[in-house]
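Chemist: here are the coordinates; sequence isn't available:
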């Protein structure tokens, strides 16, 4: 009795959905395809995660590799329309066509809706992950390590950008605009991957962990600013100073404001939750808070994850922290893998194939970018003066994964016509390798703790 | 770093999403609008739930009413494209337009995608609810009360169908086809609403509770069969016997097969979960099982919720039951309210307005249908012979809510041209009233237990 369209199987007219266009997707089939996608995602995440765990690699790497295995590069089970693919490229859609009597146009509509729904679920996944990371972080510790985190973030943006841009212009004769683009793509760290590995190692609340998280959050903001600069450079040939100032000011106001306001309101929050009598009150009130901040962050041109991270930080200071951590764990268990598997599934490894001649130029460029990407971040830890107890290599390594942010740069560059195909391919290769290299390396540079708290119990 | 399209704010070209049509929705805005919708949904569900709880009504009624309040009938915050509405009808979309710089066409695309995503989340909500209900049910008890449940289901389908159809034909001179349609709309019980109220009352595992659940599940299957019969009658003027036999046989094979196969595989399931080392293994393996069965049920023209219910029943027999119940509770807390609030939000109360002349004919028809709908189900409990300990009135009342199934009939009838506007409006009114009447009545007929376990602790 759940679906308003269970009858679409019998009668070809649109039902309650008085569709205006002919291409509305059958909602019963959309649901079926989302269910199937989630089964594929969970299967890939657990198979990959368990295998990696057994060979002493971080499970999240397994989720990424599992995603690649079911994604566009290999099995083609989980394919997204946004890569320019159609339903015929998706094995899952072909399976759906075999098991139902859907028309080819109907299938395209289902394919597009399914991609949209799974993408939103994956976004919710990383929002929830950052909420959980915020909840497990310590605001006081984060403020204490703030100066070091700021140094790490700034050095980690300036070094790879300068090395990359100059190297491309003077070493490879790349024109200035694509060189700036490629340099910019080297800047931003993927907070999701690093944070997940730190949590898996039980190192999230260590000084190194908090410096990495703090720097990655700042990096995220710097990355958005760099992208705005580069994009306006490409579009208008000049830098729109106002736009950039707006971003910097709004990011600062948002983060500081959210935390101050959150602290002010948190006694009210505890009182409200204690007053409520119906099921799930603590969870829903907290998630609403996280979603509201995510929405605001998204709307003021920052990112949703910054909002949920701030919400987690604020709620970590209340008496509800531990109860909430326990409740959020299963939510996180079912949402977060969607994100990592989708990142893997969207990764198109065909750009790495050296037998394709057009890839070769890209491969040489890629080699250079990868070296710069690694050096540019590894040095960051060592710019922290004093503090001999800090594992400075670990901090640098923690900043290496570029994740999807690099792909955004490649996409913007390609769409604006600024990047040649080989430069775009080189950026994608750099992103793939840094993303997949960092998790095992990070595990290596952190001496294994006696008991890894994340694996053994609760979470 | 979560979104591949954070840059859509700056550059108007589609990015990695090499969109083929111009109307692709901006994914950052879709995410923002889904976040906002979820905040509205959670707010409505908790406000309504808490208010109802305080005046001693079932919280789920509050969630439905909360949904009506934010839905198309009142505030217009949560409006779905499938009702023939556009973005301008949605206050939430207007708010989005105010807070961002989206074009009107872009906003329509976001509106449509948001509706699609929230609808799928709501379907996932009822699938997870039935999984939880299955997990809290007792297969042995269900088999023991099977004969009684079967009587209740069959009587509860035949009585309102016969009374409704005959009454409309002979009492109101309604032609035979729309009368059959309206009669059919009186048959199927909304398992979601009843099950939720039973859980809230702590009566799910009582004999009455298990009879109601068993009968509602059978009713669901009977409802699908009735719909197939009526739909083929309207379409071809005759009843396609093969199609109906197919449905009956496949439903039987599916339910019995899922349970037998599930029992066979459950030792393997326990072993697999125990072998796995990474986070969330129990939850993900169980949810995969539920989703696979839901997918199969959906594909063989049954409904997803039957699959997840069967999965819950099977896993309830394993040693993992209690651990799983605890893990599924927070998942259920965040998914299930989406379903109930959406049911409320999609309910268009304007058909109840007696000042609109065209509603009046419908109101008289509706009065008749409501009386038949209530009598037709209330009698079912009393057809169980012997068993003086059973609360027979409670069983009948538990079968009253028609929920969305009735709306499906109204929608199919309207789309096929078989129903006049007043008959359609009357069916919708019947659905609204039975759905909103049953929860408080059910609470009344069950003597309040000393401690309501659902409200006080765990769940």
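Modeler: Structure received. Bear in mind the structure is a predicted one, so any value in this text is a computation, not a measurement.
Chemist: what's the next secondary structure element after the top helix by length along chain A?
Modeler: Across chain A, the longest stretch assigned as helix under DSSP state H is helix A:241-275. Counting by DSSP states H and E, the element after helix A:241-275 in chain order, helix or strand, is helix A:281-299.
Chemist: model confidence over the helix or strand that that next one is followed by, on average?
Modeler: Using DSSP H and E, the helix or strand that follows helix A:281-299 towards the C-terminus is helix A:304-315. Across helix A:304-315, pLDDT averages out at 87.
Chemist: do stretch A:133-142 as well
Modeler: Average pLDDT, stretch A:133-142: 80.
Chemist: Mind pulling the model confidence for residue A:183?
Modeler: Note on residue A:183: pLDDT of 88.
Chemist: Pull the residues that contact whatever helix or strand it lives in.
Modeler: Using DSSP H and E, the element containing residue A:183 is helix A:176-185. Helix A:176-185 is contacted by residues A:160-165, A:168-169, A:174, A:226-227, A:229-230, A:233-234, A:365, A:369, A:402, A:405-406, A:409-410, A:412-413, A:418-420, A:423, A:426-427, A:430-431 when judged by CB atoms under 8 Å, 6 or more residues apart in numbering or on different chains. Placement of C-beta: from N, CA and C, glycine included.
Chemist: So which of those belong to strands?
Modeler: If you go by DSSP state E, the contacts of helix A:176-185 have nothing in strands.
Chemist: could you flag which of the residues you listed are buried?
Modeler: A:160-161, A:163-165, A:168-169, A:174, A:226-227, A:229-230, A:233-234, A:365, A:369, A:402, A:405-406, A:409-410, A:412-413, A:418-420, A:423, A:426-427, A:430-431 (16 or more other CB atoms under 10 Å in any protein chain shown).
Chemist: In helices, which of those residues fall?
Modeler: In helices, defined here by DSSP H, the members of the buried ones among the contacts of helix A:176-185 are A:160-161, A:163-165, A:168-169, A:226-227, A:229-230, A:233-234, A:365, A:369, A:405-406, A:409-410, A:412-413, A:423, A:426-427, A:430-431.
Chemist: what's residue A:375 in contact with, if anything?
Modeler: Residue A:375 makes contacts with A:159-160, A:163, as judged by CB under 8 Å, 6+ apart.
Chemist: Tell me the predicted confidence for it.
Modeler: Listed pLDDT for residue A:375 reads 90.
Chemist: how near is it to chain B?
Modeler: Here the criterion is CB to the nearest CB, to the nearest Å. By it, residue A:375 lies 21 Å from chain B.
Chemist: name the element that residue belongs to?
Modeler: Judged by DSSP H and E, residue A:375 forms part of helix A:357-382.
Chemist: So which residues on the stretch 151-300 of chain A come close to chain B?
Modeler: Counting by CB under 8 Å from any CB of the partner chain, the residues of the stretch 151-300 of chain A close to chain B are A:188-192, A:220, A:223-224, A:227-228, A:231-232, A:235, A:243, A:276-281, A:283-285, A:287-288, A:291-292, A:294-295, A:298-299.
Chemist: Could you give the number of residues near the residue in the stretch 51-200 of chain A positioned nearest to chain B?
Modeler: For the stretch 51-200 of chain A and chain B, the shortest gap (CB to the nearest CB) falls at residue A:82, measuring 3.7 Å. For residue A:82, the neighbour count with other CB atoms under 10 Å in any protein chain shown is 22.
Chemist: Could you do residue A:400 as well?
Modeler: By other CB under 10 Å, the residues close to residue A:400 number 25.
Chemist: Return the residues in contact with residue A:268.
Modeler: Per CB under 8 Å, 6+ apart, neighbours of residue A:268: none.
Chemist: Tell me where the model's unsure across the stretch 351-459 of chain A.
Modeler: A:403-405, A:408, A:411-412, A:414-416, A:447-459 (pLDDT under 70).
Chemist: any idea of the pLDDT on the residue in the stretch 151-300 of chain A that chain B sits nearest to?
Modeler: Here the residue of the stretch 151-300 of chain A nearest chain B is residue A:280; by CB to the nearest CB that distance is 2.9 Å. On pLDDT, residue A:280 comes in at 86.
Chemist: Would you check how far apart it and residue A:241 are?
Modeler: 47 Å (CB to CB, to the nearest Å).
Chemist: Which one's more surrounded, those two?
Modeler: Comparing residue A:280 with residue A:241 by other CB under 10 Å, the one with more neighbours is residue A:280, at 22 against 10.
Chemist: ok, and the closest non-adjacent residue to the more buried one?
Modeler: residue B:333 (2.9 Å; CB to CB, 6 or more residues apart in numbering or on different chains).
Chemist: what sits against the one you found?
Modeler: So, once contact is read as CB under 8 Å, 6+ apart, residue B:333 ends up touching A:279-280, A:283-284, A:327.
Chemist: Filter the residues of the stretch 151-300 of chain A next to chain B down to the buried ones and express that as a ChimeraX selection.
Modeler: In ChimeraX syntax, the buried subset of these is picked out as below (16+ other CB under 10 Å):
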select /A:188,189,190,191,192,220,223,224,227,228,231,232,243,276,278,279,280,281,283,284,285,287,288,291,292,294,295,298,299
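Chemist: Nearest to the spatial middle of chain A, which residue is it?
Modeler: residue A:192 (5.2 Å; CA atoms, centre = their mean).
Chemist: Give me the pLDDT for that one.
Modeler: 79.
Chemist: before we move on, what about residue A:18?
Modeler: pLDDT for residue A:18: 32.
Chemist: Then the one 5 residues further on?
Modeler: You'll see residue A:23 listed with a pLDDT of 51.
Chemist: ok, now the one 5 residues further on?
Modeler: Per-residue pLDDT puts residue A:28 at 83.
Chemist: And for residue A:319?
Modeler: Listed pLDDT for residue A:319 reads 89.
Chemist: Buried residues in stretch A:175-185, which are they?
Modeler: Neighbour counts over stretch A:175-185 (16+ other CB under 10 Å) mark A:177-185 as buried.
Chemist: low pLDDT regions in the stretch 151-300 of chain A?
Modeler: Along the stretch 151-300 of chain A, segments meeting pLDDT under 70 span A:232, A:234-240.
Chemist: Wait, residue A:187 touches residue A:224, no?
Modeler: No: the criterion here is CB atoms under 8 Å, and residue A:187 misses it with residue A:224 at 10.3 Å.
Chemist: From the chain's centroid, how far away is stretch A:51-58?
Modeler: The chain centre lies 21 Å from the centre of stretch A:51-58; the measure is CA atoms, centre = their mean, to the nearest Å.
Chemist: Oops, could you answer that again for stretch A:179-187 instead?
Modeler: With CA atoms, centre = their mean, you get 19 Å for stretch A:179-187.
Chemist: show me the contacts for the residue of the stretch 151-300 of chain A closest to chain B.
Modeler: B:329-330, B:332-334, B:337.
Chemist: Now go through the residues you listed and say which are in helices.
Modeler: Among those, the residues falling in helices (DSSP H) are B:329-330, B:332-334, B:337.
Chemist: My guess is residue A:248 contacts residue A:225. True?
Modeler: Yes: Residue A:248 lies in contact with residue A:225 (CB under 8 Å); the separation is 6.3 Å.
Chemist: Looking at the contacts of residue B:333, which is nearest residue B:202?
Modeler: residue A:279 (12.1 Å; CB to CB).
Chemist: So chain A: which segments form each domain?
Modeler: Using automatic domain parsing, the domain parsing of chain A gives A:23-120, A:130-335+A:352-450.
Chemist: can I get these in TSV with distance to residue B:150?
Modeler: Shown next, in TSV, are these (distance: least, CB to CB, whole Å):
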stretch	distance to residue B:150
domain A:23-120	27
domain A:130-335+A:352-450	32
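Chemist: closest one to residue B:373 among these?
Modeler: domain A:23-120 (25.7 Å).
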